[in-house]
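A.B. asks: quick one, structure for this:
(chains A and B)
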Amino acid sequence: MRSNTAAPAGPMARKPGSRLGWIGKSFLGLLGLLTAFILVRNLIHDPKLFLQIVISGLQLGFVYALIALGYTMVYGIVRLINFAHGDVFMVGAFVSFYAVTRFQLHVWPAAVFPQFPDALVVVIGSLTVMFLSMVVCMTLAITIERVAYKPLRDAPRIAALITAIGVSFFLEFFGALSFVFSPRFIPYQRPFEVVTWYIKDGVHLVSATDAPPDGSITFSNIFLLIALASVLTQVFLQFLVRRTKIGKAMRAVSFDKSAARLMGINVDQVISFTFAVGAGFAGLGGVLYAIAYSSIWSQLGILPGLKAFVAAVLGGIGSIPGAFVGALIMGQAEALTMGYISTPMRDAVAFTILILVLLVRPTGIFGEPEKEKA
Amino acid sequence: MDINVGFLLISIVKIAALVAWVYGLLWGLGRDSLSTKCVAVVAAFGVIQLAISVAPGGIQIFSDFDSGLLFQACTMAMVALGLNLIYGFNGQFSLGQWGFYGIGAYAAADITFRWTNGDARGLLVVGIGVILIGLVILGVRRFLQQYTGVPVMSAFTLYLIGTVAAGAVAVVIGDLGHTVVAPLFGSQGAPGPLHSPLVLQVVFCLAVLLAGVVAAEVSFLFGLPVLSLGSDYFGIATLGFTIVINTLMVNSDTILPFPEMKGGRGMIGIPKLTTWFWAFVFLLGVIVVMRNLLQSSTGRAILSVREDETAAKVMGIDVANNKLLAFVVGSLFAGIGGGVYAHFIGFLSPGTFDFLVGFNPLIIVVFGGLGSMTGTLAASFGWTFFLEGLLRVILGQLGTEAPTWRFVLYPIALLLLMLLRPQGLLGTVEWGFLRAPWVPSRFRTDGNKAASPPPAA
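C.D. replies: Predicted structure coming up:
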């Protein structure tokens, strides 16, 4: 690599490289064919197992969707990869843990209104726990934004990124102190009982007497809850961004910050609001993740956070439906890898997808090409 | 909770002495005559060696713990210098340095581990493979230079195919070579000539250098497509790289065909072939190579890419090529650091190469100053001693929470630094040897002459 200057393009013009495009395309095509082959072979070999894996992938994907929304919204507005977002997710899980285990918050309706039926108590109690987590996460995110990110808004993007990494570290390891959360894995007590169904000639309830027969597909109320929450969030966000005044302001700030300021929009407030909305959904995701996988610790947020970020990039960062679709794809990729390759490779697959997406289509599935370099 | 004030003072004195030592070494290296340079290097080595081995009044000046830290600081300095070349001098925010460090560590450890177990294939395959892959890469480059604007994926595919083919050839040749060399290892009872300590030291040095080149070639393959991304996307992609490498380390005995690496349980039985001497020697090499690179015209091109890519392009600098060069050389340094590290500790576990630990070199680079080799060196020594030595002992009074407290405090330090002094503690200051070379006034286009007003025409 002696020459550090490009060869002069004189009259002896070199051959156009687009002639070599087929090599890269066929490589990617082969990779896709290989993946498709593995999937189809397994689908034919054991369709029940495949569907079961797809269901677990959906569950994972819906949780990622809740986190990815925060990444994509914040990036869309301030062009910052908010590393600490995954840790806000972790805090959400821990808040619900304390609410349920220490303060028994999930049974408060039973204590106040003894005449309520059990089902109503469980629903109201669980919703209270989720709401509390969301509020705590929102407060945390606004604090982080005001303390750490706001002073750096005009600094180079990398300075803000390093700060975000610092905040993320702080939350992880501050949480690992024994008087805060704990460095250990903590078993999580669910605010409600798990109910499982299986599908074989119709939907049946799994009970102590009626175990699921071999080769049936099972799913639980946790899966339904996560799917419902994720889809509702999606609809709510679409409504918020497309139909409300603050959503209009968010779009304006994302489009051009200084012009938005000239139009009388309080940019700082809009940015704080965006952080809060994203953090609220991350907190909800944290509660649902903890309910689904029933074990939490202080570094819980790192990998789900990073994978949700990958999902946001895959869908097209800045695009809300893109984050949802990307998260579902990520969930499937991870679950299928766990099912058919090996469990520890799930992280490797997630980041391989990231690198491939960035290479093939950096704007993601739904993304628009960047108009201008920030 | 009482903190031992005497220990605190001694530690601060030690850190100050080390920074002064770095200054002295750089000052000595900056002298003109070669003999002075040699004397300075030997003296710098001797001072530390003396402090380690002499114990006036039964108190060791540098305890074993300290010499371990010194070693760690030297390897960390190599990794951080490489990162500074990538991020500080070339402006490409990379979190992948720790992955290359891990690649270097595992590659070097595998070579010497196999060698001590009577298996020359590690050295032969890696050695031949590295040369063949290097040739293939050069050949493909030559081929691609006939075209303009080759799609990145196509170039990457060509390099990948070439690398895999060359690797396969190397494995075949290495197997053949091993059968030829095998008798020289001797049997269990009577070790052959290849097990002699001298040969082992040579193999160690080769292994470290080869490990560096392996890391460099991996970084070439990875950097070629990924470097075309924007700044923060590149950071995330390299972070992904570190995580993927770590996952592969955990699965090295199941998915990768290296049963001796023992996957997540950690690789044990790596021969401990080095003291801090080799770390010092390799660090010196890294400093000299990097300084000379930066002060060549290539180095100026690398710097110009950081300052303004568009302007650099306008001046006829091949931006993509320079980014790749800085990335490859930076990874080479990391690989060498990893190779030395593996032979000091004698044990490698994937946990060491976790991406969370990988933020350490980044913090050192940011603290020392982006674009300051002196800052990185001083910060490597200061930081390692401060964090591992001083802080661990002070916080050790808190019991088992001490490591966690360290990680609580340093993000705060990082945040304050980013808010108050974003260019790092030393900025772009350079000392002695690392300062731009002195140019005789008749070759100078600026400086003294430019300072005086030009004669009126």
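
A.B. asks: backbone dihedrals for the residue lying closest to B:Phe353 once chain neighbours are set aside, please?
C.D. replies: Distance criterion C-beta to C-beta, 6 or more residues apart in numbering or on different chains; nearest residue to B:Phe353, sequence neighbours excluded, is B:Gly102 at 3.5 Å. The C-beta positions use only the backbone N, C-alpha and C, and glycine is treated the same way. With angles defined as degrees, to the nearest 10, B:Gly102 sits at phi -60, psi -40.

A.B. asks: residues contacting B:Glu309?
C.D. replies: Contacts for B:Glu309 (C-beta atoms under 8 Å, 6 or more residues apart in numbering or on different chains) come out as B:Val319.

A.B. asks: returning to that earlier point: surely the residue nearest to B:Phe353 touches B:Thr247?
C.D. replies: No: at 11.2 Å, B:Gly102 does not count as touching B:Thr247 under the criterion of C-beta atoms under 8 Å.

A.B. asks: give me phi/psi at B:Ser94?
C.D. replies: Taking degrees, to the nearest 10, you get phi -120, psi 140 for the backbone angles of B:Ser94.

A.B. asks: B:Asn117 now?
C.D. replies: phi -100, psi 20.

A.B. asks: next one: it from chain A, what distance?
C.D. replies: Separation of B:Asn117 from chain A (C-beta to the nearest C-beta, to the nearest Å): 27 Å.

A.B. asks: again, but for B:Leu221
C.D. replies: 12 Å.

A.B. asks: which strand or helix spans that residue?
C.D. replies: helix B:197-226 (DSSP states H and E).

A.B. asks: report pLDDT for A:Asp347.
C.D. replies: The model reports A:Asp347 with a pLDDT of 84.

A.B. asks: which strand or helix spans it?
C.D. replies: Going by DSSP H and E, A:Asp347 is in helix A:345-360.

A.B. asks: quick one: low-confidence ranges for chain A?
C.D. replies: For chain A, residues meeting the criterion pLDDT under 70 lie at A:1-13, A:208, A:368-374.

A.B. asks: which residues of it fall in strands?
C.D. replies: Using DSSP state E, the strands of chain A run over residues A:15-16, A:186-187, A:196-199, A:203-205, A:217-220, A:295-296.

A.B. asks: can you check the stretch 101-250 of chain B too?
C.D. replies: Per DSSP state E, counting those that start in this stretch, the stretch 101-250 of chain B carries strands over the ranges B:147-148.

A.B. asks: burial of A:Phe131, as a residue count?
C.D. replies: A:Phe131 has 15 neighbours, counted by other C-beta atoms under 10 Å in any protein chain shown.

A.B. asks: please apply the same query to the one 10 residues further on.
C.D. replies: Around A:Ala141 there are 27 other residues, counting by other C-beta under 10 Å.

A.B. asks: for chain B, what is the nearest residue in the stretch 251-374 of chain A?
C.D. replies: A:Phe351 (3.1 Å; C-beta to the nearest C-beta).

A.B. asks: right, and that residue touches B:Ile245 too?
C.D. replies: No: contact criterion C-beta under 8 Å: A:Phe351 and B:Ile245 do not qualify, at 9.9 Å.

A.B. asks: neighbour count for these two, which is higher?
C.D. replies: Each of A:Phe351 and B:Ile245 has its neighbours counted (other C-beta under 10 Å); B:Ile245 has more, 26 against 22.

A.B. asks: returning to that earlier point: B:Gly102 and B:Thr247: which has the busier surroundings?
C.D. replies: B:Gly102 (28 against 22).

A.B. asks: need the contact list for the more buried one.
C.D. replies: Contacts of B:Gly102 by C-beta under 8 Å, 6+ apart are B:242, B:245-246, B:249, B:338, B:350, B:352-353.

A.B. asks: between those residues, which is closest to A:Val74?
C.D. replies: Set against A:Val74, the nearest of those by C-beta to C-beta is B:Thr242 (23.2 Å).

A.B. asks: next one, pLDDT for the closest one please.
C.D. replies: pLDDT, read off for B:Thr242, is 92.

A.B. asks: burial of it, as a residue count?
C.D. replies: Neighbour tally, B:Thr242, other C-beta under 10 Å: 25.

A.B. asks: just A:Thr35 next, same as before
C.D. replies: 12.

A.B. asks: what's near enough to touch the closest residue to A:Tyr340 other than its chain neighbours?
C.D. replies: The shortest distance from A:Tyr340 to any non-neighbouring residue, by C-beta to C-beta, 6+ apart, is to A:Asn42 (5.7 Å). Applying C-beta under 8 Å, 6+ apart, we find A:Asn42 in contact with A:49-50, A:339-340.

A.B. asks: can you say which of the residues you listed are buried?
C.D. replies: A:50, A:339 (16 or more other C-beta atoms under 10 Å in any protein chain shown).

A.B. asks: ok, which of the strands of chain A comes nearest chain B?
C.D. replies: Once the strands of chain A are compared by C-beta to the nearest C-beta, strand A:15-16 is nearest, at 5.0 Å.

A.B. asks: hmm, that closest one in reach of chain B?
C.D. replies: Yes: Strand A:15-16 reaches chain B (C-beta under 8 Å from any C-beta of the partner chain) through A:15-16.

A.B. asks: contacts for that strand?
C.D. replies: With C-beta under 8 Å, 6+ apart, strand A:15-16 has contacts from B:146-149.

A.B. asks: now pLDDT and neighbour count too, for those residues, in TSV please.
C.D. replies: Listed next are these as TSV, based on pLDDT from 0 to 100; neighbours: other C-beta atoms under 10 Å in any protein chain shown:
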residue	pLDDT	neighbour count
B:Gln146	87	10
B:Tyr147	86	17
B:Thr148	82	15
B:Gly149	79	10
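
A.B. asks: I appreciate the help and will end here.
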